[in-house]
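Asks: quick one, structure for this:
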Amino acid sequence: MGASALSHLVIAQMARIEHLEFLVAKLKRAQFGPKSEKLAVNEAQLTLCLSGCVIEAQPIAQTDPPEANKEKPAPAARKNRALPAHLRREVRTHLPEHSTCPCCGGELRRLGEDASEMLEYMPASFFVIRHVRPKMSCRKCSCVVQAPAPDRVIDRGLPGPGLLAHVVTAKFCDHQPLYRQSQIFAREGVELDRSILARWVGEAAALLAPVAEVLRRYVLATEKLHGDDTPLPVLAPGTGKTRTGRFWTYVRDNRPAGDKAAPAVWFAYSPNRKGEHP
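Replies: Residues are numbered from 1 along each chain as shown. Modelled structure (predicted):
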C-alpha cells in the first residue's frame, strides 16, 4: 500500500471516529442530561455521509422461529351490555308507514317484533312546589280554619330537601365548588349566588350535626381504631392566601378479626396539627 493510499485511509478512519463520538455524546446528553444542557441536534449533520466513512452492518444471527401453536386462543368473552333493570323504561312503538299491504292492499297482521334499547339521560332540572292553603270560614260563627304550613328543611328557607341534598353532595362528594354550582344553576335561568349556597351548606351542617355526633360515638367505641391526617389548603380570609389545615380520618373496621360490627368512618377538621386535636 502506497503512502498516498495509507494517508487517505487514516483520514477516513479519523472522520469515522469523530462522527461516532459525536453520536455517542449526543445520545448521552439526550438520555441523561438536564433539559437546559441538552445538545441542539443538527439533523443534517447526523445524516451526513462522510467521504470514506463506511459503517458495515454486522449480520444478525437468525434463529428458526418456534413452531407456531396450532391451537387458536379462545376468543375473549364479550361484556354483558344489558342495561340495568332498575332503570325506568319508556316504550316507544314505531308502527309501519302503511296500514295495509303496500303490494296487494291486504290487511296486515302482527308477525313479531324487533326490540332494541338506547340509554338516554335527562339533565337535572328545577321545578317549583307551590303550597296552597285555602282558608275556610264558618257561615254560622265566622270561624276561620286553615291547614298548617308544611315544614321546611331550613326555617323560612327557599330550598327543598332534594335541592339542599344536591348542593351538599355536589360540593363534598363530587368536588364541585359553590361558585361553579352557581354558574350551572344560572344556565337554567335560576340565579343562586354563591353566598346563598354557602349559607345553605352551613344550615345543612347544623342539621346533620346530631347524625355526625352519633357516628363519632360509634366509631370511637372500639378497641382498635385506624387514624390518619391529610393536609389541605384552607382559605385565610382577609389575607388573600391559604393556610394548611388538617383533615382527620378515623376508621372502625375490625372485620378481619372476626368482628360482626358494621365498619364506619368519621371525619374531623382541625386548623393545625397540634396534639390536642387527635
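Asks: next, S137: phi, psi?
Replies: Dihedral pair for S137: phi -120, psi 140, per degrees, to the nearest 10.
Asks: revised request: answer the last question for R216.
Replies: Torsion angles, degrees, to the nearest 10, at R216: phi -60, psi -50.
Asks: L192: neighbouring residues, count only.
Replies: Other residues lying near L192 total 21 when counted by other C-beta atoms under 10 Å. Where C-beta positions appear, they are placed from N, C-alpha and C, glycine not excepted.
Asks: roughly how far does it sit from M122?
Replies: 21 Å (C-beta to C-beta, to the nearest Å).
Asks: swap in P256?
Replies: Going from P256 to M122 by C-beta to C-beta gives 43 Å.
Asks: hey, where'd the strands end up in the stretch 51-200 of the chain?
Replies: Secondary structure of the stretch 51-200 of the chain by DSSP state E, counting those that start in this stretch: the strands cover 135-137, 144-146.
Asks: G105: which of the ones you listed is closest?
Replies: Taking C-beta to C-beta, strand 135-137 is the member of those nearest to G105, at 64.5 Å.
Asks: show me where pLDDT drops low in this protein?
Replies: 1, 34-71, 77-80 (pLDDT under 70).
Asks: hey, where'd the helices end up in the stretch 1-150 of the chain?
Replies: In the stretch 1-150 of the chain, the helices defined using DSSP state H, counting those that start in this stretch lie at 3-32, 43-46.
Asks: rewinding a little: just so I know, which of the strands of the stretch 51-200 of the chain lies nearest H8?
Replies: H8 sits nearest to strand 144-146 of all the strands of the stretch 51-200 of the chain, at 115.5 Å, using C-beta to C-beta.
Asks: got the contact list for the closest one?
Replies: R133, P134, K135, M136, S137, C138 (C-beta atoms under 8 Å, 6 or more residues apart in numbering).
Asks: from those, pick the one nearest H175.
Replies: Proximity of those to H175 (C-beta to C-beta) peaks at R133, which lies at 40.4 Å.
Asks: for the closest one, give its distance to V145.
Replies: Relative to V145, R133 is positioned 10 Å away (C-beta to C-beta).
Asks: same check, this time on H19
Replies: 104 Å.
Asks: of the two, which one has the most company?
Replies: Using other C-beta under 10 Å, the more surrounded residue of H19 and V145 is H19, with 17 against 9.
Asks: sorry, back to before: export the contacts of strand 144-146 to CSV and append columns for distance to A25.
Replies: Shown next, in CSV, are those (distance: C-beta to C-beta, whole Å):
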residue, distance to A25
R133, 88
P134, 92
K135, 95
M136, 98
S137, 101
C138, 105
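Asks: relative to L208, which of the residues you listed is nearest.
Replies: Using C-beta to C-beta, R133 comes nearest to L208 of the contacts of strand 144-146, at 29.3 Å.
Asks: how much space separates that closest one from L6?
Replies: According to C-beta to C-beta, R133 stands 115 Å off from L6.
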